[in-house]
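Enquirer: Fold the following.
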Amino acid sequence: MEIQWDEKLSLGIEPLDDDHRQLLAIVNDMLKIDPPNDIKAPTLKVLERLHEYAASHFQREEALLERHGYPELPQHRQIHADLIRQLQKIQTDLQNAIKITMTVPLVMETHKLLRNWLFGHIAQEDHKYAAFLKGRA
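Expert: Sure, this is the predicted structure:
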């Protein structure tokens, strides 16, 4: 089931909102991969795209926060690093999965992680820095 952009996700910082929309599009590509079809190869491909885009987005976001002296930047960086580690672990586990019975739970775990990240991280954590940045404007 595709996730629609919701204004609750909007930070009011257009370059970062654009990044988040792109991340949402990649997550939606992941959600379109539907068992019981061959899901391993397409899932790995989308995970790689997601990993690359998330890493570049996190760099842009963290650079902005650093320029503005965001006091919670160390914690925010750690949250980003944790997500990247989770994505890498899922990629590794999926690459090592031999049977479909091993693959499907990993894909479902990935779907859950990504939904939680979109609505947890962006809607909560990112809104903290958005309020900070707007207060400094």
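Enquirer: roughly how far out does the top helix by length along the chain sit from the chain middle?
Expert: Criterion DSSP state H: the longest helix present in the chain is helix 40-67. Taking the mean of its C-alpha atoms, helix 40-67 sits 7 Å from the chain's own mean (Cα atoms, centre = their mean, to the nearest Å).
Enquirer: And the helix or strand that that helix is followed by, what's buried?
Expert: Downstream of helix 40-67, the next assigned helix or strand under DSSP states H and E is helix 73-96. Within helix 73-96, the residues that count as buried by 16 or more other Cβ atoms under 10 Å are Leu73, His76, Ile79, His80, Leu83, Leu87, Ile90, Gln91, Leu94. (C-beta placed from N, C-alpha, C; glycine too.)
Enquirer: Leaving out the residues flanking it, which one is nearest to the fourth one?
Expert: Distances taken as Cβ to Cβ, 6 or more residues apart in numbering place Phe58 nearest to His80, at 4.3 Å, with adjacent residues excluded.
Enquirer: what about that neighbour, neighbour count?
Expert: 18 (other Cβ atoms under 10 Å).
Enquirer: Report the helix or strand with the lowest average pLDDT across this protein.
Expert: helix 100-116 (a mean of 80; mean pLDDT, DSSP states H and E).
Enquirer: Specify the next element, helix or strand, located C-terminal of it.
Expert: helix 127-136.
Enquirer: So for that following helix, what gets flagged as buried?
Expert: Buried-residue list, helix 127-136, by 16+ other Cβ under 10 Å: His127, Tyr129, Ala130, Leu133.
Enquirer: Over to stretch 59-75?
Expert: Glu61, Glu62, Leu64, Leu65, Tyr70, Leu73.
Enquirer: re earlier: wait, isn't the residue nearest to His80 in contact with Ile79?
Expert: No - using Cβ atoms under 8 Å, Phe58 is not in contact with Ile79; the gap is 9.4 Å.
Enquirer: residues near Glu125, how many?
Expert: The tally of other residues near Glu125 (other Cβ under 10 Å) stands at 16.
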